[in-house]
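> Pasting the sequence and the predicted model now:
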Amino acid sequence: MGKEIVCVVSSCGGHLTEVREFLPVFRDIEHYYILNDVVPLGDDMLKRTFFVSHSERDWKVFLNLLEFYRIFKRYPPTLILSTGAGPAVPAALVGIILGIPTIFVESVCRVTRPSLSGRIMYFLAAHMYYQWPALRKYFPKATYGGPIL
């Protein structure tokens, strides 16, 4: 098997804070980030972060598909990791086309009801995790992992 490369896909704000909780797991694995908005970056993110257009369930989702395709073709990851929100779906769709599996973790703030991204990613992600037992009924084939924050 070749070199492992993790692509971390995230909205900015809470989703980025949450997905970065996994950094100890992939710190020693080559990785890069794709974000949907320009934000101040931690030192470890400098020179390894790409930005895609911010879409809100509008035509820019189609632009995101093209943006992810271009990035993944140039810098092919072996795995996509995301906690959401908006960019997770187009990244996973392009990942499916290119044979790149996605791990999706439903956001910790979704305690009793799933997010729209989570409901879609349940069918797109190779592996899905949720953080609260109440979500089991929505994601029967996913894995309960407990809160990460």
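Structure's in. What do you need? Residues are numbered from 1 along each chain as shown.
> Which residues does the helix or strand bottoming out on mean pLDDT in the chain contact?
Least confident element among the helices and strands of the chain, by mean pLDDT, DSSP states H and E: helix 23-26 (a mean of 88). Residues outside helix 23-26 that contact it (CB atoms under 8 Å, 6 or more residues apart in numbering): V6, V8, D44, L81. Placement of C-beta: from N, CA and C, glycine included.
> how about those residues, which pair is most distant?
D44 and L81 (15.2 Å; CB to CB).
> who has more neighbours, these two?
When D44 and L81 are compared on other CB atoms under 10 Å, the one with more neighbours turns out to be L81, at 25 against 13.
> Give the helix, strand or coil label for that one.
strand (DSSP: H, G, I helix; E, B strand; the rest coil).
> next one: C109
Here C109 is recorded as coil under three-state DSSP.
> again, but for the one 4 residues further on
Three-state call for R113 (three-state DSSP): coil.
> doesn't Y138 make contact with it?
Yes - with contact defined as CB atoms under 8 Å, R113 reaches Y138; the gap is 7.5 Å.
> got the buried residues for the longest helix along the chain?
Determined from DSSP state H, the single longest helix within the chain is helix 60-74. If you call a residue buried by 16 or more other CB atoms under 10 Å, then helix 60-74 has these buried ones: K60, V61, N64, L65, E67, F68, Y69, I71, F72.
> The fifth one: what's its closest spatial neighbour, skipping adjacent residues?
Right, E67. Spatial nearest neighbour of E67, chain neighbours left out: V52 (4.2 Å); criterion: CB to CB, 6 or more residues apart in numbering.
> Please apply the same query to the first one.
By the measure of CB to CB, 6+ apart, the closest residue to K60 outside its immediate chain neighbours is S53, 4.8 Å from it.
> and V9, how many neighbours?
Around V9 sit 31 other residues, with neighbours defined as other CB under 10 Å.
> List the pairing partners of the one helix or strand it maps to within its sheet, with orientation.
Here V9 sits within strand 5-10, counting by DSSP states H and E. Sheet partners assigned to strand 5-10 using DSSP bridges are listed as strand 30-35 (parallel), strand 79-84 (parallel).
> residues in contact with the last one?
Translated: strand 79-84. Contact with strand 79-84 is made by 4-11, 15, 18-19, 22, 26, 88, 91-92, 95, 100-107, 115, 117-118, 121, as judged by CB under 8 Å, 6+ apart.
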